[in-house]
Each structure stands twice: as C-alpha cells, then as structure tokens.
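In: Sharing a model prediction with you, sequence too.
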Protein chains: 2
Amino acid sequence: MLFNKIVIIGIGLIGSSLARVIKREKFAGHLTACDNNPVYLKQALELGIVDSVEENPAKAVENADLVVLATPVGVYGNLTAQIVPFLKRGAIITDVGSVKKFAMEEIEKNVPADSGIIVVPGHPVAGTEKSGPEAGFDTLFDGRWCILTPSKKSTPEAVELVRQMWLGAKMRIDTMTPEHHDKVMAAVSHLPHLIAFSIVGTVADLEGYEQQEIIKYSASGFRDFTRIAGSDPTMWRDILLNNKETILELIQRFVEDLIALQRNIRWDEGDKLFELFSRTRKIRKEVIEARQDQPEIEKKILAEINKLAK
Amino acid sequence: MLFNKIVIIGIGLIGSSLARVIKREKFAGHLTACDNNPVYLKQALELGIVDSVEENPAKAVENADLVVLATPVGVYGNLTAQIVPFLKRGAIITDVGSVKKFAMEEIEKNVPADSGIIVVPGHPVAGTEKSGPEAGFDTLFDGRWCILTPSKKSTPEAVELVRQMWLGAKMRIDTMTPEHHDKVMAAVSHLPHLIAFSIVGTVADLEGYEQQEIIKYSASGFRDFTRIAGSDPTMWRDILLNNKETILELIQRFVEDLIALQRNIRWDEGDKLFELFSRTRKIRKEVIEARQDQPEIEKKILAEINKLAK
C-alpha cells in the first residue's frame, strides 16, 4: 500500500485505467472516484474499479493522501480552488495533464505556501482516442513513458511515491522541466493531433465528394488520421490553447515545409520527393527500433482482426 | 483454375500477397514472378509462393494468360513497351496501381488496336507500409475494396475473370471511371500520405530538439504518422507526380483550413476548436461503423502486444 486514501478526479480513459492499476497493485487503502458526470461514477462503481464515488470534489478529497487530477487541464484552476481548503497537511496533488507549464501554474496558484500541500505534476504519455471509464484498461500504460516535472512545491519523498505508483503501472519514468516537456510534446503529440484534426475536417468538407465514398475507402490512409482525430474534443481544445506559442510556431514550420513539397510536385521534382520519403522511412525504422511500435506482430494482429471481423 | 499461366511483374508487398492468394485458391496452372530485383525473385522462390521466376519481362510473359503489373506506376510505360510484342492474342493485362488515369494511359499507349490484347486496370485498396515479398501475406486484402476501371480495351469476360481473382482474395469489388477513382483516392489516400510524409520531415528537422527524444516519446501521436510515412518512396513519388492537379488543389484546401485553425488558436477561439474536434470525432465513429477499422478488439490486441513486447 502506497497511500491510505487516493482520490481520482475525472474517471475517464486515463483516470479509470489508473484506478484499475491501483486496484491491481493494491496501492490504496481506499480509492474514491470524483467526476461531474454521474453516469461515469455509476459505471466506475459497477466496474468495481473504485471503492466509493463522490460528485462533490471538496467532499471527495476529505482525508485524502493523494489526489490525482485526471480532468481536462482547463478546469484545474477551478478544481484546485475548490479542493485545497479541504485537503489535510501533507496531502499530495498530482495530475496527468498533457501540458505541464499551464497545469502546474493552475494548480500551484491555489496552493498557499503554508498549506503543507505538496504538488507533483506528471504526465503519463499513453492513451487511446476513447473516453470514459469503460474505455480504460489496466495495461494502457505498459512500457510507455511517464514524465514528472517536479516543482518548488514538490518534495523528494512525494516525487518518489508518485514514481512508485507509475512504476506499478509498468511505466518508464523521466524527469524534466515543464517548459522542456511542453516543447517536446508540442512536436511529437500536439502538432500531429492538430494536423489530424485539420485534415479530417478538410476531407470531410470537400464539396463534390460523397461522404459515403470517403468513409468506404478510408482504409487507404484517411482512416489512420480519423483515429487520432477521434480524441477527446475538450481535452484537446485545452491542450492547444495552453501550449499556444510553441504550437503556433510549429504550425508555421509545418506549412513552410508543406508548401515546399507542393512546389516540388508542381515542378515534377521527383528526386526531392524521393529524398524526403526515404528520410521519413528511415525515421519509421528508428521508431520501430526504439520499441515505440511493435510491427513484428502486425501480421498476426491483422489475421486476428480479419478472423473476428467475419 | 482461372488462368493457365499468370505472371506477376513486381513481386513486392502487393504482388507477393496476390501470389499467395493465387496459390491458396489454385487460380493458376503456372505462376511466374518477374522482378528487376534478383533478391526478391530468390525470396519468392524460397517462400514457395510462385512456380518460377524470370528477370526478363519479355521472356516472363511468354504464353501468359494474365499479366499483373505490380510495380510502381512510373515504369508501366517502359514495361508494357517491352512485354506487348511477346504477348499472345487474348492475353489480359491488369495492374494494381494507386493512380488509374495515368496507369491506363501508360499501358494502353503500348497496346495496338489489332493486338488482341485486353486491358483491365485495377486497384486493390489495401497495403501496409512494408515492401518486398517477405512482407506480403495472403490475408492482406480480406474485406477491403478493389476498384476496377474498365476501358475501351477491356472485355466483359476479362473483367469478370479479374473480378473472380480479387473475390478469391476476399475483396469487395467496385467499378468506376479512372477519373473518379483518382479524385476519391486523392482525398482519402494521396493527401493523407503526403501530409504524413511532410509532418514527419518537419518534426525530424526541428532544430533545438534531440532526435532521440522525438523517437522516445513518439507513441503520443507522431508514431502514427511515421507508420504512413514509412511507405515505399518510389511508389509514392510516382503516385503524387501522376495525380498532380487534384493533389495540388487538395493541398491548397488543406492549407487554408489549417491557417484558419492556427488563427483560432492564436485568438483563443476555443468554441471553434471544440466544434471542429467534435465533428472529426463523429467522422471517426462513421469509419468504425463502416467496418473500416475494428476498434472493439483493440484492447485485446494491445494486451497481446504488451505480452509479446516483454
């Protein structure tokens, strides 16, 4: 047992997956889910992944040793203002937000220096495009990275406890500044998601195309973008608005490169296309070698999919 | 048996997968692979997926009833000029190219009206980012769509034979004009691939980032783009250069939409972001409902992946 009482606020995909890990690893004497969606709370109870549920955050955190914020980052400010007065000294607040500078500021502005409350911002880099407690599963985090961005309101002991929790979820742990986290995530996560949302919107809006035909042939490339573009709208609105400067700069870079590519196509510069596509193929290989994807079993998986699809 | 002798020219991912289907379904009395890469020919023989191999296309097609072009479309012109003089009357040329107007023109310009040679252009809409005969598998086409674009050089009997072959590969068959094919594929396949190549190039080139860190955290979105951007460089160069007008127009549309989105972020227009992201999420649902993706077993697959990754 790592904590006597853990409260997860926001029992969606990440929150409910973490709840399953906490149960499996017996990390909490008591585990409470808090959510403003009563349906999610009912589901969490029925799934047996928490011990109790409570809609009111102030009541939920009573006597808690660890509070995990797993809501969209846009509500962290309001939420922490509500719970901090009811937290006991020594309680730890951690979170799972995908932007860390904003998240940390929103939490810490509500944590008075003399409150004895400890803050350990974190980001388990894992997920699917699904939402809700029924979409969670306890192996979601396996082998993925969890980034902790300790602040002046962290203590080494609290960081270690949060670290132990994510190690129990089978994550690999990294520590960095919130600024560095946000810069890296802008490139590997925020820009790709934004582009996916954008292209799915563009293709869906094309006049002179039948929507049904777009869907029918989506397996030829479009489908892979719809998966990413199916991610939670509220969460992604909050991420993009709260890591704005870096993202705007990256969009600019991307558009520059795309326009250059457009020009290559217009002027039949096949050698330049070939050069770029060869480079991107090499990057794909590096991703595979870094075990961030597992293609060796893709065939097996595809065969399985086809069997089940029949 | 559908044909006495079938020749597949280009024994890569698609060609070798089709060879496996032809063997499984016993569609050919004799199946020959032709490729300018002797390593591929050796592999095809060793895999036992063809009866014989031949590097010289003119020799390979001798006495063939069906020739399947499965090379990049950029070589169709040269290739058909080489083989047509050695084809018997009544022989059928079909192909698997991802652009159909250019492909048809390149083939048919080399088929004289009085040659008795029949052309049935086709496009099995299936694939992975892999290349080569070892990457193929006989279930690659299962449940996917095959588009035939019959021309003046097709006959109903030949179209029916080619149709039977793809039905044996468990594909669903559609028939349309090459122009319509190219328009639809530009939206669902060519633009998405181009964007994936472009963004992987952009992210890889960002200065002030460590390449290793990009790879390390790629599971958060970037990874999905690298998969598409790992596709065959020659094939994609040829596709993009030979469906140019439609693709250039779609890039323009995409950039317009992306710039609008950039502006939404700059001016904190969260409601507009939310509206777009909600729409794209709905499209994802439609793709799933159309059975172009099988997410219901994703959890099972992920658990399997994690088991094997250990």
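Out: Looks like it came in fine.

In: Stretch A:226-245 and chain B, are they touching?
Out: Yes: counting by Cβ under 8 Å from any Cβ of the partner chain, contacts between stretch A:226-245 and chain B involve A:226-234, A:236-238, A:240-241, A:244. (C-beta placed from N, C-alpha, C; glycine too.)

In: Would you tell me which one of the residues you listed comes nearest to residue A:127?
Out: For these, the closest approach to residue A:127 (Cβ to Cβ) belongs to residue A:231, at 7.7 Å.

In: Strands along chain A, start to end?
Out: Counting by DSSP state E, the segments of chain A that form strands are A:3-9, A:28-34, A:52-54, A:66-69, A:92-95, A:118-120, A:122-124, A:145-148, A:172-175.

In: between the residues of stretch A:226-245 next to chain B, which is closest to residue B:275?
Out: Sorting these by distance to residue B:275 puts residue A:233 at the head of the list, at 8.4 Å, by Cβ to Cβ.

In: What is the nearest of the residues of stretch A:226-245 next to chain B to residue A:219?
Out: Within the residues of stretch A:226-245 next to chain B, the smallest distance to residue A:219 is 10.6 Å, found for residue A:226 (Cβ to Cβ).

In: Just give me the neighbour total for the closest one.
Out: Neighbourhood size, residue A:226 [other Cβ atoms under 10 Å in any protein chain shown]: 28.

In: Now it: closest residue in space, sequence neighbours ignored.
Out: In space, not counting the residues next to it along the chain, residue A:226 is nearest to residue B:284; the distance is 4.4 Å by Cβ to Cβ, 6 or more residues apart in numbering or on different chains.

In: quick one, longest helix in chain A?
Out: The helix of greatest length in chain A, counted in residues with DSSP state H as the criterion, is given as helix A:244-266.

In: packing partners for that helix?
Out: Helix A:244-266 makes packing contacts with helix A:191-205, helix A:270-289, helix B:191-205, helix B:244-266 when contacts are defined by 3 or more Cβ pairs under 8 Å, 6 or more residues apart in numbering or on different chains; DSSP states H and E.

In: tell me the angle it makes with helix B:244-266.
Out: Orientation check (axes from the mean of the first three to the mean of the last three Cα atoms, to 10 degrees): helix A:244-266 against helix B:244-266 gives 170 degrees.

In: So for the closest residue to residue A:132 other than its chain neighbours, what's the pLDDT?
Out: The spatially closest residue to residue A:132, leaving aside those adjacent along the chain, is residue A:12, at 5.8 Å (Cβ to Cβ, 6+ apart). Predicted confidence (pLDDT) for residue A:12: 97.

In: how long is stretch A:265-272 end to end?
Out: With Cα to Cα, to the nearest Å as the measure, stretch A:265-272 spans 9 Å from end to end.

In: Relative to chain B, which residue of the stretch 1-150 of chain A is the closest?
Out: Using Cβ to the nearest Cβ, the single residue of the stretch 1-150 of chain A nearest to chain B is residue A:142, 4.4 Å away.

In: Check the spacing between that residue and residue A:232 real quick.
Out: In this structure, residue A:142 lies at 21 Å from residue A:232, with Cβ to Cβ, to the nearest Å as the measure.

In: returning to what we had before: can you list the strands of chain A in CSV and add distance to chain B, mean pLDDT and mean neighbour count?
Out: Written out in CSV, the entries for the strands of chain A read as follows (distance: least, Cβ to the nearest Cβ, whole Å; pLDDT from 0 to 100; neighbours: other Cβ atoms under 10 Å in any protein chain shown):
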stretch, distance to chain B, mean pLDDT, mean neighbour count
strand A:3-9, 20, 98, 24
strand A:28-34, 20, 98, 23
strand A:52-54, 23, 98, 17
strand A:66-69, 19, 98, 26
strand A:92-95, 16, 98, 26
strand A:118-120, 20, 98, 23
strand A:122-124, 9, 98, 26
strand A:145-148, 6, 97, 22
strand A:172-175, 8, 96, 15
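
In: Residue B:118 is nearest to which of those strands?
Out: Smallest distance to residue B:118 across the strands of chain A (Cβ to Cβ): 56.2 Å, for strand A:145-148.
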